[in-house]
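1. got a predicted model here, sequence first, then my questions.
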Amino acid sequence: MSDNPGAPAQGKRPLRFPDGFLIGASTAGHQTEGNNTNSDWWEFEHRPGSPVHEPSGDACDSYHRYPEDIGLVAGFGLNAYRFSVEWPRLEPAEGMFSRAETAHYRRMLAACHEHGIVPVVTYNHFTLPLWLQRRGGFAADDFPQLFQRFCAHVTRTLGDLIGWAVTINEPEGAGDAGYVLGIHPPGRVGDRELAHRVADNVLTAHRLGVKAIHDHGSMPAGVSLALQDMQYEDGATPGKTEWELNALISERYIEAAQEDDFVGLQTYTRIRFGPEGERGPGLHPENKNGLVETDDTTQVGWEFYPEALDGTIRRVHRVSGGKPILLTENGIATTHDPKRVAFMDRALRAVHTCLADGIDVRGYLHWSLLDNYEWSGGFEPTFGLVAVDRQTFARRPKESAYWLGDVARSRCLPAEPVTWPPAA
């Protein structure tokens, strides 16, 4: 693979994306809405000794300010917006679905359509109702059936307005994060047996969720998986690191995607391996606690390598047998907005190369629309296209938002790649 896949080999012509290609932004409800008090995450954040350094609180107040946020998406020129409907709000007690909260999300979806934006809806983005967590959460024996019932409710009441349906966000990490590392609810550490049960449970839940969506709606349905580009150097061969095991779990979802309409893919960087083990910045959790950002690394310590998308798109294409791919997240935490533009430019060039090779990629959604509340870490990484004042909730769009909007409007990348670091 070249150092810059996607660079325009055909001279100075812009790179065009196909008609209908989605270019938009993503958010997660708990990180943006605020005051999601009936969720397992709210309880986890306020637990004594919680690993979460910054409780969500009001977050970005997007629960009330969604018209402004959707207006920003449209104003930039983006044509898609991914957000989650919050299970803790919609089913606050077992079997009791809130008509008021259902109406709230219906208004959000209607606002997207009023602005000509395709809504991509995540049915579960990490959070569970507190009543469900107290009876076992992802590990509960009947979790798959409860999730199927939830998907049926959402699709029956909202599905006519949903453009794309994502069942579960990053299911491959549910077991490790909550039961081995202890950084997600319920915060257990070292329980690998339960983590394996969660992996099986969530896979079954996804399958049942897709069935419920197909039974009650007509929109495409799939799952959203986190995959980083695994690169083996100097004769290294695959091993059993945490990242490689997570990737194998993801492949179980990809292989089981026969009933799915697409595979959602989320990639941020690459992980390099040599004979001695992992090389480079990688994705070590300790890197999230405030490393000094450099030209070659991001604010959370990950390698600046937008071309990772090339490897992961090709991997999903191969394992899935050519299923359509929707890039549900991609982006960079950085204090330098021109660096964000360069990241997106190079990532989209990698996508274009895959399209030119006949791979069915349907869209690119940037993470995130807003500089939002993050799950843990002693600082606030800035992934967003829009800065948010945590006291007034005022939104301040960045130049990168307008750059991406221009690409969406024209469906073209400029002929000349954006360089980083800038030329002296």
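-> That came in fine, so what should we check first? Numbering: from 1, shown residues only.
2. from here on, contacts and neighbour counts on C-alpha atoms
-> Will do.
3. middle-most residue in the protein, spatially?
-> Closest to where the C-alpha atoms of the chain average out (CA atoms, centre = their mean) is residue 329, at 4.1 Å.
4. in the stretch 101-250 of the chain, where is pLDDT below threshold?
-> The model of the stretch 101-250 of the chain has no residue with pLDDT under 70.
5. show me where it has strands.
-> 118-124, 164-169, 221-226, 229-232 (DSSP state E, counting those that start in this stretch).
6. which secondary structure elements does the longest helix seen in the chain sit against?
-> Looking across the chain with DSSP state H, the single longest helix is helix 192-216. Applying 3 or more CA pairs under 8 Å, 6 or more residues apart in numbering; DSSP states H and E, we find helix 192-216 packed against helix 143-158, strand 164-169, helix 174-175, strand 221-226.
7. what segments of the stretch 1-150 of the chain are helices?
-> 29-32, 40-45, 62-76, 87-90, 99-114, 130-134, 143-158 (DSSP state H, counting those that start in this stretch).
8. so which of those helices comes closest to residue 15?
-> helix 62-76 (19.9 Å; CA to CA).
9. end-to-end on stretch 179-188?
-> The first residue of stretch 179-188 is 4 Å away from its last residue (CA to CA, to the nearest Å).
10. equivalent analysis for stretch 135-152, please.
-> 21 Å.
11. how about residues contacting that stretch?
-> 87, 123, 128, 167, 174, 194, 197-198, 201-202, 204-206, 208-209, 211-213, 215-216 (CA atoms under 8 Å, 6 or more residues apart in numbering).
12. out of the helices of the stretch 1-150 of the chain, deepest packed?
-> Comparing these by mean neighbour count (mean count of other CA atoms under 10 Å), helix 29-32 comes out on top with a mean of 26.
13. what comes into contact with that helix?
-> So helix 29-32 is in contact with 36, 56, 59-63, 83-86, 125, 127, 370, 372-375, going by CA under 8 Å, 6+ apart.
14. can I get it as CSV, trimmed to CA atoms?
-> Taking Å, rounded to 0.1, in the frame of the first residue of the first chain, the C-alpha atoms of helix 29-32 are listed here in CSV:
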residue,chain,number,x,y,z
GLY,A,29,-27.2,10.5,22.7
HIS,A,30,-25.7,10.1,26.1
GLN,A,31,-22.6,12.2,25.2
THR,A,32,-24.6,15.1,23.7
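15. give me the average confidence score over that helix.
-> Averaged over helix 29-32, pLDDT sits at 96.
16. stretch 333-347 now?
-> 97.
17. and it, how far out from the chain's middle?
-> 17 Å (CA atoms, centre = their mean, to the nearest Å).
18. in it, what's buried?
-> 333-334, 337-347 (16 or more other CA atoms under 10 Å).
19. equivalent analysis for stretch 177-188, please.
-> 177, 178, 179, 180, 181, 182, 183, 184, 185, 186, 188.
20. just stretch 256-275 next, same as before
-> 257, 260-274.
21. cool, stretch 238-258 as well?
-> So, applying 16+ other CA under 10 Å, buried residues of stretch 238-258: 243, 244, 246, 247, 249, 250, 251, 252, 253, 254, 257.
22. now stretch 83-96
-> In stretch 83-96, counting by 16+ other CA under 10 Å, buried: 83, 84, 85, 86, 87, 88, 89, 90, 91, 92.
23. now do the end-to-end distance for it.
-> Stretch 83-96: ends 23 Å apart by CA to CA.
24. average pLDDT across it?
-> 98.
25. need the contact partners of that stretch.
-> With CA under 8 Å, 6+ apart, stretch 83-96 has contacts from 26-30, 36, 38-39, 97-99, 101-102, 105, 119-125, 127-132, 150.
26. same deal with stretch 188-196?
-> So stretch 188-196 is in contact with 139, 174, 175, 176, 178, 179, 180, 181, 182, going by CA under 8 Å, 6+ apart.
27. likewise stretch 333-353?
-> So stretch 333-353 is in contact with 4-7, 15-17, 293, 298-300, 304-310, 313, 331-332, 361, 364, 381-384, 398-400, 403-404, 413, 417-421, going by CA under 8 Å, 6+ apart.
28. residues contacting the residue lying closest to residue 164 once chain neighbours are set aside?
-> Among residues not flanking residue 164 along the chain, residue 120 sits closest, at 4.6 Å (CA to CA, 6 or more residues apart in numbering). When contacts are counted by CA under 8 Å, 6+ apart, residue 120 touches 80, 81, 82, 83, 162, 163, 164, 165, 166.
29. in the stretch 201-350 of the chain, which spans are helices?
-> Using DSSP H, counting those that start in this stretch, helices in the stretch 201-350 of the chain cover 242-255, 308-320, 337-356.
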